[in-house]
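**Student:** Just the structure for this:
(2 chains)
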Amino acid sequence: MSTVAETRREWLLSERPASRMQARLGRAYVTWRRFSANRLAMVGLFIIVALIVVAALADVLAPYSPTIGDLKNARLLPPSAQHWFGTDDLGRDILSRIIHGSRWTLFVVVLVAIIAAPIGLLVGTVAGYAGGWIDAVLMRITDIFLAFPKLVLALAFVAALGPGIENAVLAIAVTSWPPYARIARAETLTVRNSDYIKAVQLMGASPLRIVLRHIMPMCISSLIVRVTLDMAGIILTAAGLGFLGLGAQPPLPEWGAMIASGRRFILDQWWVAGAPGFAILIVSLGFNLLGDGLRDALDPRSGDQ
Amino acid sequence: MTSMLRVDQLNVVFDRFQALRGVSLDVGQGESFGLVGESGSGKSTLLRAIAGLVPVASGTIAVGGQKLGKKRDKAFYRKVQMVFQDPYGSLHPRQTVDRLLQEPLAIHGFSDGEQRIRRALDEVGLGSGFRFRYSHQLSGGQRQRVAIARALIVEPSILLLDEPTSALDASVQAEVLNLLEQVRRDRELTFLMVSHDLAVIAHMCERLMVMQNGEAVESLAATSLATRDVSQHYTRRLLKASEGFVRT
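**Tutor:** Numbers count the residues shown, from 1 in each chain, chains lettered A, B, ... in the order given. The predicted model follows:
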């Protein structure tokens, strides 16, 4: 058994890969080894994987309904064997609400990343590569977005679009792409004058091809790191909007909204606000640890990548 | 001998610095032409101006009798290719050799890519074992061979060489120079080669031009370099300097 694993490792680390696939897998394996050597990063990865599993199996895992409570017998019960995290003011089981809320957290984070990261990448690389007035125009637009505090701008957008979790996602995405554009532009500026880009220009490649196939791959790893580190901030912004009543609307079990509703009895029934707060803390921590680990593993400047 | 590459009164200006002052040269088909001079003499700029990497202020460049406009078209890049000085910087760090060689084929729409890549690697003396390596898995000499393969894969007729061996150590330098000699003979290529090493130029080129401060100082045949038959003082000094340090 160990010999099989041994030969597989040799195959992956081979200095002379025999196919495109092997070269790619080998590279991924080296990155994975660097990542997995970092304990804290593995903890972060574990938290995020656990979040995904919980979100996927929420219907099976949750012991009670997240929206229908027992108003008569189960209002504001402290944590116990039946209700691990207690119940809220409408008699709903908080554990079940947190489990179902993980779906909304994941929904927000993934959607924001999918919308904001490509916009930032495109704006930044095009601005950096084109230079001149295109650069000036795109970067001034970026500056305008950066001039407002993120949460305030998001608040304005949600107020204009109307409250709701989809609009919160849109608002957060619209406000979070400018830093990505800045990073992508900075990376682009460092590689655009390098000989390997010159070499592709000399092959007659179109600017679009150069940006898409030769410059973007150089920017992507620092962008992944930044997005992962930002995810904690995205969760907090979403929770903040939920807390202010502009994000998820009741009875959606969104963690920020749950804290808001528990605020009224935070001193006497601390678990109502405490449990979702703790969940936000853990997941944010997980994303931060994962991001730190990815930075070490993907850093384009670290030796032989 | 028909003219393959003709440069006439070329001026290149960066901001307010004049990098090239009215340089002219004429390279015949199948000829190997050398450009020599100290650092900053404008020899690399001349090469880059021909390749279209730096803007030309005035003067004309003609390839195969055809004048080039401000923008180079795809046909130009099939005719003229370039090998850069630093093999550590001229290969994309995130691409395998395979990807690097595929790119020019994809851009120019070659259909028999698989065959061409294998042939190109064989031609520069790298077996198929190197095909799926990343550039960090290659030595300097191997990288330069890949760069040469990449330039040759579109079958150009002119190869611009920007100090192709100055970043390599002596034994690898000889290998790469021999390889270049070989492909020139096989493919009847025209070389325009920049070097500050007179020995390399004397070995590789039939004619050469000495440059200083963006100007052409003297044009001469490589044989007159050996016989010291030079007319300009600067060339003589360059020759003297290339002999190296003499203990008295």
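
**Student:** can you pull the contacts of the most centrally placed residue in chain B?
**Tutor:** Closest residue to the average C-alpha location of chain B: B:Leu161 at 1.1 Å, with CA atoms, centre = their mean. By CB atoms under 8 Å, 6 or more residues apart in numbering or on different chains, the residues touching B:Leu161 are B:Met82, B:Val83, B:Leu180, B:Phe191, B:Leu192, B:Met193, B:Val194. (Glycine included, C-beta is placed from N, CA and C.)

**Student:** Give the members of those that are also in contact with chain A.
**Tutor:** Filtering the contacts of B:Leu161 for proximity to chain A by CB under 8 Å from any CB of the partner chain leaves B:Met82.

**Student:** Please tabulate the contacts of B:Leu161 in TSV, including the columns secondary structure, pLDDT and neighbour count.
**Tutor:** As requested, the contacts of B:Leu161 are exported to TSV (DSSP: H, G, I helix; E, B strand; the rest coil; pLDDT from 0 to 100; neighbours: other CB atoms under 10 Å in any protein chain shown):
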residue	secondary structure	pLDDT	neighbour count
B:Met82	strand	92	27
B:Val83	strand	92	25
B:Leu180	helix	91	23
B:Phe191	strand	92	23
B:Leu192	strand	93	28
B:Met193	strand	92	26
B:Val194	strand	92	24
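
**Student:** Relative to chain A, which of the contacts of B:Leu161 is nearest.
**Tutor:** B:Met82 (5.3 Å; CB to the nearest CB).

**Student:** Enumerate the beta-bridge partners assigned to the closest one.
**Tutor:** B:Leu160 (DSSP bridges).

**Student:** per-residue pLDDT, the residue nearest to the centre of chain B?
**Tutor:** As predicted, B:Leu161 sits at a pLDDT of 93.

**Student:** What ranges does chain A have for its helices?
**Tutor:** A:2-12, A:20-36, A:39-56, A:58-61, A:94-130, A:132-147, A:150-161, A:165-191, A:195-201, A:207-209, A:216-243, A:255-262, A:270-298 (DSSP state H).

**Student:** Kindly report the same for chain B.
**Tutor:** Under DSSP H, chain B gives helices at B:43-51, B:74-79, B:97-108, B:113-123, B:140-152, B:170-187, B:198-204, B:222-226, B:233-242.

**Student:** Would you mind telling me which of the ones you listed is nearest B:Gly89?
**Tutor:** With CB to CB as the measure, helix B:140-152 is the member of the helices of chain B nearest B:Gly89 (9.6 Å).

**Student:** For that closest one, which helices and strands make contact with it?
**Tutor:** Identification of packing neighbours for helix B:140-152 by 3 or more CB pairs under 8 Å, 6 or more residues apart in numbering or on different chains; DSSP states H and E yields strand B:80-83, helix B:97-108, helix B:113-123, helix B:170-187.

**Student:** Need the contact partners of it.
**Tutor:** So helix B:140-152 is in contact with A:199, B:81-84, B:87-88, B:90-91, B:97, B:100-101, B:103-104, B:120-121, B:123-126, B:130, B:135, B:138, B:159, B:164-165, B:167-169, B:172, B:175-176, B:179-180, B:183, B:187, going by CB under 8 Å, 6+ apart.

**Student:** Out of these, which end up buried?
**Tutor:** A:199, B:81-84, B:87-88, B:90-91, B:97, B:100-101, B:103-104, B:120-121, B:123-126, B:130, B:135, B:138, B:159, B:164-165, B:167-168, B:172, B:176, B:179-180, B:183 (16 or more other CB atoms under 10 Å in any protein chain shown).

**Student:** What are the phi and psi values at the residue of chain A found nearest chain B?
**Tutor:** Closest approach between chain A and chain B, counting by CB to the nearest CB: A:Gly204, at 3.5 Å. Main-chain torsions, A:Gly204, degrees, to the nearest 10: phi 90, psi 20.

**Student:** okay, now it: neighbour count?
**Tutor:** As a burial measure, A:Gly204 scores 19 neighbours (other CB atoms under 10 Å in any protein chain shown).

**Student:** which stretches of the chain have low pLDDT?
**Tutor:** Picked chain A for this. A:1-2, A:299-305 (pLDDT under 70).

**Student:** That was the other one, I meant chain B.
**Tutor:** Looking at chain B by pLDDT under 70, you get B:1, B:244-248.

**Student:** hmm, back to that, need the helices and strands packed on helix B:140-152 in TSV (columns: distance to A:Ile94).
**Tutor:** Formatted as TSV, the helices and strands packed on helix B:140-152 follow (distance: least, CB to CB, whole Å):
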stretch	distance to A:Ile94
strand B:80-83	67
helix B:97-108	52
helix B:113-123	60
helix B:170-187	69
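
**Student:** right, and the ones you listed - which one's nearest A:Val123?
**Tutor:** helix B:97-108 (24.9 Å).

**Student:** Quick check: the residue of chain B nearest chain A.
**Tutor:** For chain B, the residue closest to chain A is B:Tyr77, as judged by CB to the nearest CB, at 3.5 Å.

**Student:** Mean neighbour count, the helices of chain A: which tops it?
**Tutor:** Most buried of those, by mean neighbour count (mean count of other CB atoms under 10 Å in any protein chain shown): helix A:255-262, with a mean of 25.

**Student:** Next, the angle helix A:270-298 makes with that helix.
**Tutor:** 160 degrees (axes from the mean of the first three to the mean of the last three CA atoms, to 10 degrees).

**Student:** what sits against the closest residue to B:Gly127 other than its chain neighbours?
**Tutor:** In space, and not counting its chain neighbours, B:Gly127 is closest to B:Leu121: 6.9 Å by CB to CB, 6 or more residues apart in numbering or on different chains. For B:Leu121, the contacting residues are B:Val97, B:Leu101, B:Gly127, B:Ser128, B:Phe130, B:Arg131, B:Ala149, by CB under 8 Å, 6+ apart.

**Student:** what's the spatially most central residue of chain A in contact with, if anything?
**Tutor:** Nearest to the geometric centre of chain A sits A:Met231, at 3.5 Å (CA atoms, centre = their mean). Counting by CB under 8 Å, 6+ apart, A:Met231 touches A:Val109, A:Ala113, A:Ser284, A:Phe287, A:Gly291.

**Student:** can you do 7 Å?
**Tutor:** A:Met231 is in contact with A:Val109, A:Ala113, A:Phe287, counting by CB atoms under 7 Å, 6 or more residues apart in numbering or on different chains.

**Student:** and what of A:His83?
**Tutor:** A:His83 neighbours (CB under 7 Å, 6+ apart): A:Leu77, A:Asp93, A:Leu95.

**Student:** Try it again at 6 Å.
**Tutor:** A:Leu77, A:Asp93 (CB atoms under 6 Å, 6 or more residues apart in numbering or on different chains).

**Student:** any idea how far A:Ala62 is from it?
**Tutor:** A:His83 sits 12 Å away from A:Ala62, taking CB to CB, to the nearest Å as the criterion.
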